[in-house]
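Q: Take a look and give me a structure for this.
(2 chains)
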Amino acid sequence: MAVREVDIDFSQDLLDYIEVWKEKPGNLIMMLHRIQEEFGYIPREAAIKLTHLTGVPLAKVYGVVTFYHFFKLEKPGKHKIQVCMGTACYLKGGEDLIQELENLLGIGVNQTTEDEEFSVEAVRCVGCCGLAPVIVVDGEVYGKLKKDQLPEILAKHRGE
Amino acid sequence: MSTVNVKINNIPVEVEEGTTILTAAQQVGVKIPTLCYHPDLPAWAACGICVVKIEGSPKMMRACATPVVEGMSVITHDSEIVKVRRTVIELILSTHPNDCLECPRNQNCELQRLAAEFGIREMPYEDRLRDLPVDESTPSIVLNPEKCVLCGRCANVCQVMQDVWALEFIGRGDDVRIAPAGDINLEDSPCIKCGQCSAHCPVGAIYEQDDTAKVWEALRDPDMHCAVQIAPAVRVALGEAFGMDPGSIVTGKIYTALRRLGFDSVFDTNFSADLTIMEEGTEFIERFVNGNGDLPLITSCCPSWVDYMEKYYDDMIPSFSTAKSPQMMMAAMMKTYYANKIGIDPCSMFSVSVMPCTSKKYEITRCEAMYSSGCQDIDVSVTTRELARMIKQAGIDFENLPEEEADNPLGIYTGGGTIFGATGGVMEAALRTAYHLVTGEELGNVNLIDVRGLDGIKEASVDIKGTEVRVAVAHSISNVTKVLDKVREARLKGQEPPYHFIEVMACRGGCIGGGGQPYGATDELRNKRIAGIYQDDERSEFRCSHQNPAIIELYNDFLEKPLSHVSHKYLHTKYTPRPIYTK
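A: Numbering: from 1, shown residues only, chains lettered A, B, ... in the order given. Coordinates of the predicted model:
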């Protein structure tokens, strides 16, 4: 196949993993998981390299990557903001928080700020509905949140 | 094969084991409506319009994907089933723009036909239209994802039949759409422009680029000499667009129609197919007998195949015939030999080709060699479907037209030229002439049946005076890759090539099944078009390209001999590796 050559390094671990999995059924998802583990997302160069290593067409790789929300095609920011859109948080104004984050950061869901500091994603119930609406920043939970608290939270994490 | 007995709406029928409910119903005259199903492709069961009830089963099943079993009793139509089908259609319509009047598939759309058959008079659901950009990046086809009904035919054709993998379902749920991998357009994808997606799309989501306006403009320009050529496969398919039987040979009517449209010179690509055989046949002898060049020799008439080879098999470039396609050879001769003969400047000639093919639109500018006359050799290439529209617009009663002849000298052809339209035809024509070039004698029986028909890969061995020539013919790219992998393997092992000569066509059935032909191709229809092609061959005065008197004259007056310096200048081309996904 004459897919163009790419310049991206896979760790030996990842290469070994692909070697083991490339002939097995259901392999594509497994290999993509490991790539995302290594890079934090699926860089296009990595997807192309995977087609070289396995012979799986790039269109199929993208079919799978875009089907599962878990896989990311964009490089995530240094700080990951997860806005809960479970039923309780949704009713308590989860969407308003997303809107306010867009005002403050200039990015929507599944996007990363230009300075690569923050990325925003919408997630399913994080399991503390009593605190709705909730956001999680770098694993830290903020509950009963009002949108005017967001600038302070962003400033705190930006400094870290 | 064993058979099973089933009942369709209480009508007993005996069918082969493994037959689907859909096919069994057809055999007793029951038509179950379908949308995503296409006989060329594996059942995808995406749309759910073909649901039926099976006695003893609690749920409705999809007739396209459910095989019958002994004793099965099926109900295909009752008020409940029709209601479900109706709901499915209404839901699809709620996501589909209702601008039928401006749609390229108006009156030729499978969704529109279903809506008419079900008597849809109002839309019970709120519109959920999607605002997605139209992809017009290739010169051949247009992808309008707003109109897509997500039946999956195009992706299936692209992946299963063509092994190209330009298109895939991207995204999920409400956001799913048909697109290339990543944020790139079709031009930057592996797309080979074969247009099979457009030929299989049930609606107006993928269609040919319409270039008819450019042709009309040239026809209206009194200072322009408009010359046209028609490809072999057009003559056995155009009639379908006017309600004639598939396979009807309408060559003479097409010549008449083209003159009535206003063309000054009407030529036939069959002539340049004969010319291709002279060049390619001689090239084969040069490689096979004299050992000058790579074996196997691989044919290069099909621009989608050329594009595929440049993308996926660039290591085989030395095996490729350097001969241009008949379309491009004709254009070069029109704007040099013929322009000179009638004393006009090639750049004041407007050259149009009518092709069964969307990829020919790409070919006309694919490299420098396509400008051999000093200007663009072909100005516009239109598909069979576009010509049908032009004829209708001009108010020409096609079916009742008298039959005229093409113009001299680029309109004279042999049976060898006409069979280019069907899979195996180029090989057969080449062997008829190669035999003569090697032995100086004519082949006793010119019918090489082994290379004809719809088998995906055909192999044959031909005896030329004690020397065995091994040939292979493949059509549909998924078959082609199997043949080429065999050649690659032999090469890697240092073995003799498994074949000396390979013919490749990207589309199933060859050009008669091209992506620009009238809609509705199935194997049954392809076979009818193929029968028309061989009928045209059999009734030809000359059956072998080297016997064409106009070709002999062309070499005497202008080209000297096959593979001469002049031939190389006008009739041959070069190939370039084109790595994919550079974006």
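Q: which residues does B:P562 contact?
A: By CB atoms under 8 Å, 6 or more residues apart in numbering or on different chains, the contact set of B:P562 is B:278-279, B:281-283, B:555. Using the backbone N, CA and C atoms, a C-beta is placed for each residue, glycine as well.
Q: among those residues, which are in helices?
A: B:278-279, B:281-283 (DSSP state H).
Q: Any chance of the contacts of B:P562 in JSON lines with distance to A:R124, pLDDT and neighbour count as columns?
A: Below are the contacts of B:P562 laid out as JSON lines (distance: CB to CB, whole Å; pLDDT from 0 to 100; neighbours: other CB atoms under 10 Å in any protein chain shown):
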{"residue": "B:M278", "distance to A:R124": "69", "pLDDT": "97", "neighbour count": "28"}
{"residue": "B:E279", "distance to A:R124": "65", "pLDDT": "97", "neighbour count": "22"}
{"residue": "B:G281", "distance to A:R124": "67", "pLDDT": "96", "neighbour count": "29"}
{"residue": "B:T282", "distance to A:R124": "69", "pLDDT": "96", "neighbour count": "20"}
{"residue": "B:E283", "distance to A:R124": "64", "pLDDT": "96", "neighbour count": "20"}
{"residue": "B:Y555", "distance to A:R124": "75", "pLDDT": "97", "neighbour count": "17"}
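Q: how about the closest residue to B:N185 other than its chain neighbours, secondary structure?
A: Once flanking residues are discounted, B:N185 sits nearest to B:S137: 3.8 Å by CB to CB, 6 or more residues apart in numbering or on different chains. What DSSP: H, G, I helix; E, B strand; the rest coil gives for B:S137 is coil.
Q: can I assume B:S137 is in contact with B:L186?
A: Yes - in this structure, B:S137 is within contact of B:L186 by CB atoms under 8 Å, at 5.2 Å.
Q: In terms of neighbours, single out the busier of these two.
A: Ranked by neighbour count (other CB atoms under 10 Å in any protein chain shown), B:S137 and B:L186 place B:L186 first, with 22 against 17.
Q: Of all pairs in the contacts of B:P562, which one spans the longest distance?
A: Checked with CB to CB, the contacts of B:P562 reach their widest spread between B:E283 and B:Y555, with 15.2 Å between them.
Q: per-residue pLDDT, the residue most central in space within chain A?
A: Of all residues in chain A, the one closest to the mean position by CA atoms, centre = their mean is A:K72, 4.5 Å from it. Per-residue pLDDT puts A:K72 at 90.
Q: List the contacts of it.
A: So A:K72 contacts A:36, A:40-42, A:110 (CB under 8 Å, 6+ apart).
Q: what secondary structure does it sit in?
A: Criterion first, three-state DSSP; result for A:K72: coil.
Q: Against A:G139, how distant is it?
A: 17 Å (CB to CB, to the nearest Å).
Q: Doesn't B:D463 lie inside a helix?
A: No - going by three-state DSSP, the assignment for B:D463 is strand, not a helix.
Q: my read: B:G424 touches B:G510, true?
A: Yes - applying CB under 8 Å, one finds B:G424 in contact with B:G510, separated by 7.3 Å.
Q: So B:I502 belongs to a strand, correct?
A: Yes - looking at B:I502 with three-state DSSP, it is inside a strand.
Q: which SSE is the residue nearest to B:G293 when sequence neighbours are not counted in?
A: Excluding the flanking residues, the one nearest B:G293 by CB to CB, 6+ apart is B:R287, at 4.1 Å. Assigned by DSSP states H and E, B:R287 belongs to helix B:269-288.
Q: Can you work out which other helices and strands pack against the next helix or strand after that helix?
A: Later in the chain than helix B:269-288, the nearest helix or strand by DSSP H and E is strand B:297-298. In terms of contacts (3 or more CB pairs under 8 Å, 6 or more residues apart in numbering or on different chains; DSSP states H and E), strand B:297-298 is packed against helix B:269-288, strand B:501-505.
Q: rewinding a little: hmm, which of the contacts of A:K72 are the buried ones?
A: Buried by 16 or more other CB atoms under 10 Å in any protein chain shown: A:36, A:41-42, out of these.
Q: I'd like the residues you listed written out as CSV, with secondary structure added.
A: Formatted as CSV, these follow (three-state DSSP):
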residue, secondary structure
A:Q36, helix
A:Y41, coil
A:I42, coil
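Q: Neighbour count for B:G424 and B:G510, which is higher?
A: Counted by other CB under 10 Å, B:G424 and B:G510 do not tie: B:G510 has more neighbours, with 32 against 27.
Q: Might one say that the more buried one is in contact with B:G421?
A: Yes - applying CB under 8 Å as the test, B:G510 and B:G421 come out as touching, 6.4 Å apart.
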